[in-house]
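Student: mind folding the following:
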Amino acid sequence: MIRPKMLFSDQFSFWVLAFCLIIQSAYGFYLPGSYPHNYVVGDELSVKVNSLTSIDTEMPFSYYSLPFCKPPGGVKDSAENLGELLMGDRIENSPYRFKMYTNESEIFLCRLDSLSADQFKILKERIDEMYQVNLILDNLPAIRFTQKDGYFLRWTGYPVGVKIQDAYYLFNHLKFNVLVHKYEEPNVARVMGTGDAAEVIPTGGKGGSELPGYMVVGFEVIPCSIMHNFDSAKNLKMYDKYPSPIKCDPATVGMQIKQGQPLAFTYEVTFEESDIKWPSRWDAYLKMEGSKVHWFSILNSLMVITFLAGIVLVILLRTVRRDLTHYEELDKEAQAQMNEELSGWKLVVGDVFRAPSNPSLLCIMVGDGVQILGMAVVTILFAALGFMSPASRGTLITGMLFFYLILGVAAGYVAVRLWRTIGCGDQKGWVSVAWRAACFFPGIAFLILTTLNFLLWGSHSTGAIPFSLFVILILLWFCISVPLTLFGGYLGARSKHIEYPVRTNQIPREIPAQKYPSWLLVLGAGTLPFGTLFIELFFIMSSIWMGRVYYVFGFLFVVLILLVVVCAEVSLVLTYMHLCVEDWRWWWKSFFASGSVAIYIFLYSINYLVFDLKSLSGPVSASVYLGYSLFMVLAIMLATGTVGFLSSFSFVYYLFSSVKLD
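Tutor: Next up is the predicted model:
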């Protein structure tokens, strides 16, 4: 009787321990995507620097491209993922050093004896172009508060300097305010009274110290322009105490930069205990000015669009079902007589499944569209669940690239199976279709990125993709994406093709003259899908080009689902309208009926460039913007066009398989 009790006790202890570990993991799993760091008083905190950014040029530059102080051990790159490199982030160490909960003031960093002509020129350019310096402490970007018309505005980073009349002033003194919160360890085991598990979970600060631990929950910076006494700073070393007190007043400037003039940099830091808890420390960034979603306006738009799309769908289903029901209620003699007096979509029964022009291109575009749409759905779903938060820099881009590579199987399968369906089961040429599906969209993307990269390389921007990363991307393309797409094509060649429910005549039926150009109606059909996403598109564009944090992925997922539904309905309605006027060339038109939303998105991008990014300076910046917009529009066209085509194909198949016409 003793052994079963011991066994039960061991099992109970094991499950309690597992439960406690899960609770601890859940405690650390929140929006920032990293476990909270517990610092004891006196622990060293290291500040990192990111690329200099500006919404006036959209071209990031290295922090150390300006004559700033360098750390004593030299500049070292921090660990970066693939997404950070593609986004132009270059995170490096900095000379700024703090000690947890230790206030310091008048800390001398370094002195530049003479500002050279090139350094003076580049400083003026960066100030004119309103470049921001981006600092990071414990994965939190530095945030700056300004007051305007009684409102507090929040900004990430601080400007390099300011221009007043014809004089340039440099912000050479930084006042840091670090918000900390006392560490609260979720010691569930102690509460439950299980001593075995409690021994496993550490308490207190680092190394078992009984000193209170603190977590960084805020990182604020106030930049100041101070005219230092260069003679008194001549013999100072880094981190020495500056001999005279420094009063940091952001409303005044004193350090005017001139060629041949020396520069000195200082900083101060204060720690403040805050009520902000670690899971809520990103709230200040997610509530930045201009990032609030106008929920009522968006919900109103979504309700109206959903209501209109529902009406269109109901009318269409009622019309088609009435035709089918009426036909099925007739006897065979009446059906034979009716076949002689057919009209509308019933007349194209012998041509509706006739192969379209350029069938291989259509198969390739549909296959790539499935791959892109699948990537978007999975990525946004994972982001909505918190796996790809804004705090985890680069994970969103990395995740998109990973899912795109894996979904090459779906692209190859859909492209080859559609190719065999159009060819009535013929497997000839499936390898060529799968190969081109693996190279079509990535090839265009590679061409666009290479062209933009040469422009960014010429400007010495960190937004340029390094050559080594180019090699990695090519290897990922040809070593992962292409083989997976070919494998998917092999599966598509092995699977049974879709058999048409009706036979196709040898001689194509003449299409009657139309009252209006059908392609005009197809292009106009993209306005309804565009109406479902243009509000959300504004916040996405602001996140990409205005440096604002995008975080409402749950809402974005809802908008994506609604967009898919509306694209399917619009394409289905247009296909039915074309069949009713005896136009059997519905294949490409069903694709572009929903894919034409990309035209309106591109026009919106140009409008955003003219009115929202009107300060964008230089042909290189405009070319980079238009190049990335073209890349985005192409991906959207393939994804939305695929939704429209597949829904129309399913509808046409259902429609003509329900009526047996001879």
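
Student: send over stretch 608-622 as PDB, restricted to the C-alpha atoms.
Tutor: Provided in PDB are the C-alpha atoms of stretch 608-622 (Å, rounded to 0.1, in the frame of the first residue of the first chain):
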ATOM      1  CA  TYR A 608      -0.500  58.700 -50.200                       C
ATOM      2  CA  LEU A 609       2.900  59.700 -51.700                       C
ATOM      3  CA  VAL A 610       1.600  63.000 -52.900                       C
ATOM      4  CA  PHE A 611      -0.500  64.100 -49.900                       C
ATOM      5  CA  ASP A 612       0.800  62.200 -46.900                       C
ATOM      6  CA  LEU A 613       4.500  61.800 -47.800                       C
ATOM      7  CA  LYS A 614       4.600  65.200 -49.600                       C
ATOM      8  CA  SER A 615       7.900  66.000 -47.800                       C
ATOM      9  CA  LEU A 616       9.600  62.900 -49.400                       C
ATOM     10  CA  SER A 617      12.700  64.300 -50.900                       C
ATOM     11  CA  GLY A 618      14.800  63.100 -53.800                       C
ATOM     12  CA  PRO A 619      14.300  60.800 -56.700                       C
ATOM     13  CA  VAL A 620      15.900  57.800 -54.900                       C
ATOM     14  CA  SER A 621      13.400  58.000 -52.100                       C
ATOM     15  CA  ALA A 622      10.400  58.300 -54.500                       C
END
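
Student: and that stretch, what's buried?
Tutor: By 16 or more other C-beta atoms under 10 Å, the buried positions in stretch 608-622 come out as Y608, L609, L613, L616, S617, V620, S621. Heads up, the C-betas are built off the backbone N, CA and C, glycines and all.

Student: ok, now which ones touch the fourth one?
Tutor: Same thing as L616. Residues near L616 by C-beta atoms under 8 Å, 6 or more residues apart in numbering: I55, D56, T57, E58, L609, A622, Y625.

Student: run the last query once more with 7 Å
Tutor: D56, E58, L609, A622, Y625 (C-beta atoms under 7 Å, 6 or more residues apart in numbering).

Student: now swap in the second one and tell me
Tutor: Residues touching L609, when contacts are defined by C-beta under 7 Å, 6+ apart, comprise L616, Y625.

Student: element containing it, please.
Tutor: Using DSSP states H and E, L609 sits in helix 597-611.

Student: just the buried positions in whichever helix or strand comes after that helix, please.
Tutor: Counting by DSSP H and E, the element after helix 597-611 in chain order, helix or strand, is helix 619-658. Residues 620-621, 624-649, 651-653, 655-656 are the ones in helix 619-658 that count as buried (16+ other C-beta under 10 Å).

Student: how far away from the center of its chain is helix 619-658?
Tutor: 18 Å (C-alpha atoms, centre = their mean, to the nearest Å).

Student: cool, stretch 98-111 as well?
Tutor: 37 Å.

Student: over to stretch 543-553?
Tutor: 8 Å.

Student: buried residues in it?
Tutor: Within stretch 543-553, the residues that qualify as buried by neighbour count (16+ other C-beta under 10 Å) are I544, W545, G547, R548, V549, Y550, Y551, V552, F553.

Student: quick one: end-to-end length of that stretch, please.
Tutor: Stretch 543-553 has an end-to-end distance of 12 Å (C-alpha to C-alpha, to the nearest Å).

Student: same question for stretch 129-140.
Tutor: 25 Å.

Student: what does that stretch rub up against?
Tutor: 32, 34, 37, 45, 47-54, 56-57, 63, 91, 141-142, 156-160, 178, 216, 219, 221, 281, 391, 617.

Student: what's the spacing between the residue positioned nearest the centre of the chain and F611?
Tutor: Taking C-alpha atoms, centre = their mean, the centroid of the chain lies closest to L396, which sits 5.7 Å from it. Distance from L396 to F611, counting by C-beta to C-beta, to the nearest Å: 27 Å.

Student: kindly report the same for P250.
Tutor: P250 is 31 Å from F611, by C-beta to C-beta.

Student: poorly predicted segments of the stretch 351-500 of the chain, please.
Tutor: 390 (pLDDT under 70).

Student: for it, which segments count as helices?
Tutor: Taking DSSP state H, counting those that start in this stretch, the helices of the stretch 351-500 of the chain run over residues 359-384, 395-406, 408-422, 430-458, 467-476, 482-494.

Student: in the helix or strand immediately after the last one in the chain, what's buried?
Tutor: Translated: helix 482-494. The C-terminal neighbour of helix 482-494 among helices and strands, as given by DSSP H and E, is helix 518-524. Along helix 518-524, these residues count as buried under the neighbour rule (16+ other C-beta under 10 Å): S518, V522.

Student: give me the residues contacting helix 518-524.
Tutor: L574, H578, D583, K589, F592, A593, S596, I599.

Student: show me what the host helix or strand of the second one is packed against.
Tutor: Using DSSP H and E, H578 sits in helix 553-580. With contacts defined as 3 or more C-beta pairs under 7 Å, 6 or more residues apart in numbering; DSSP states H and E, the packing partners of helix 553-580 are helix 295-329, helix 359-384, helix 518-524, helix 527-545, helix 587-595, helix 619-658.

Student: okay, the angle between the last one and helix 359-384?
Tutor: For helix 619-658 and helix 359-384, the angle between their directions (axes from the mean of the first three to the mean of the last three C-alpha atoms, to 10 degrees) works out to 110 degrees.

Student: using CSV, list the CA coordinates for stretch 119-126.
Tutor: Listed next in CSV are the C-alpha coordinates belonging to stretch 119-126 (Å, rounded to 0.1, in the frame of the first residue of the first chain):
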residue,chain,number,x,y,z
GLN,A,119,31.3,65.6,-41.1
PHE,A,120,29.8,69.1,-41.1
LYS,A,121,28.1,68.5,-44.4
ILE,A,122,26.6,65.2,-43.5
LEU,A,123,25.3,66.6,-40.1
LYS,A,124,23.6,69.5,-41.9
GLU,A,125,22.0,67.0,-44.4
ARG,A,126,20.7,64.8,-41.6
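
Student: name the residues of that stretch that are buried.
Tutor: Of the residues in stretch 119-126, those buried (16+ other C-beta under 10 Å) are Q119, F120, I122, L123, K124, R126.

Student: tell me, how many residues neighbour P517?
Tutor: 9 (other C-beta atoms under 10 Å).

Student: which phi and psi does it have?
Tutor: phi -60, psi 130 (degrees, to the nearest 10).

Student: again with P245
Tutor: phi -70, psi 150.

Student: give me the distance between it and F108.
Tutor: Distance from P245 to F108, by C-beta to C-beta: 13 Å.

Student: more neighbours, these two?
Tutor: F108 (22 against 7).

Student: is that one in a bridge, and if so with what?
Tutor: Per DSSP bridges, the residues bridged to F108 are T266.

Student: you'd agree it is up against S232?
Tutor: No. Taking C-beta atoms under 7 Å as the definition, F108 is not a contact partner of S232, at 9.8 Å.

Student: biggest separation within the buried residues of stretch 608-622, which pair?
Tutor: Greatest spatial distance among those (C-beta to C-beta): Y608 and V620, at 18.2 Å.
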